[in-house]
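Chemist: Below are the sequence and a predicted model; questions follow.
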Amino acid sequence: MSKIASAGLAVLCLMLFSAPMSAQLIPHGNVYAGVSYEHSDYVINRYSFRGWNGSFEDLPFPRLLHFGVVIDASGFYRSGITQYNFLLGPRYSFTYGKWRPFVHVMGGVQRVNSSGQMNNPIAIDGGAGVDYKLSNFFIFKNFSWRIQGDYVHTRFLSANQSAIRGSTGLVWRF
């Protein structure tokens, strides 16, 4: 076999076998589900809510592994008031050992039902958090635990509304 054919075969084998191996190392995204607590200021009233929070993050840029796109949804409940948030935006994250801190900025719609009256203001969310990989246990190989904090700002008519949200739950990485 000639040297050129041997070199070509070696390059072809490296290309074929390195692509699947690198695909296993690079995360493609994650799904998060957890519980949440929110403290909101609506005009002159202050409310505390309990509810849920969930998100889907996709890492669509192979060359920019630190940037992802997040779709976030949450629901908060209190006697007489129901609130849902539907948000979309970028997230920046990096991995440091078993820790994965992140920051994000998202925008979307908040849907509030207060005693039968519906409001749908635009919502802006800025937040940060950290994921801790649970790889010590074999059954939790692709799972992390998340702690996240967010500041949500809405404006309906001439009233500013703000909320501070804390969330925690399980993350499945794929």
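Modeler: Alright, I've got the coordinates.

Chemist: Tell me the helix or strand right after the worst-scoring helix or strand of the chain on mean pLDDT.
Modeler: None of the helices or strands of the chain scores lower by mean pLDDT, DSSP states H and E than helix 3-25, at a mean of 48. Heading C-terminal from helix 3-25, the first helix or strand you meet, by DSSP states H and E, is strand 29-42.

Chemist: quick one: buried residues of that next one?
Modeler: Buried residues in strand 29-42, counted by 16 or more other Cβ atoms under 10 Å: 30, 32, 34, 36, 38, 40, 42. For the C-beta atoms, the positions are set from N, CA and C on the backbone; glycine is no exception.

Chemist: nearest to F94, of those residues?
Modeler: Distances from F94 to these, taken as Cβ to Cβ, are shortest for N30 (14.2 Å).

Chemist: Please list all residues in contact with that closest one.
Modeler: By Cβ atoms under 8 Å, 6 or more residues apart in numbering, the residues touching N30 are 56-57, 131, 144, 171-174.

Chemist: min pLDDT across these, which one?
Modeler: For those, the minimum pLDDT belongs to F174; the value there is 86.

Chemist: got the buried residues of strand 29-42 as TSV, with distance to Q148 columns?
Modeler: Listed next are the buried residues of strand 29-42 as TSV, based on distance: Cβ to Cβ, whole Å:
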residue	distance to Q148
N30	12
Y32	8
G34	8
S36	9
E38	12
S40	17
Y42	22
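
Chemist: ok, back up a step: please list only the buried members of the contacts of N30.
Modeler: Taking 16+ other Cβ under 10 Å as the criterion, what is buried in the contacts of N30 is 57, 131, 144, 171, 173.

Chemist: neighbouring contacts of stretch 105-120?
Modeler: 70, 72, 80-90, 121-127, 152, 154, 156.

Chemist: and those residues, which are buried?
Modeler: 70, 72, 81, 83-85, 87, 89, 121, 123-125, 127, 152, 154.

Chemist: Could you name the helices and strands sitting against the host helix or strand of T168?
Modeler: Remark: T168 resides in strand 159-173, with elements defined by DSSP H and E. Using 3 or more Cβ pairs under 8 Å, 6 or more residues apart in numbering; DSSP states H and E as the contact definition, the elements that strand 159-173 packs against are strand 29-42, strand 45-58, strand 122-133, strand 143-156.

Chemist: Recalculate using a threshold of 6 Å.
Modeler: When contacts are defined as 3 or more Cβ pairs under 6 Å, 6 or more residues apart in numbering; DSSP states H and E, strand 159-173 sits against strand 29-42, strand 143-156.
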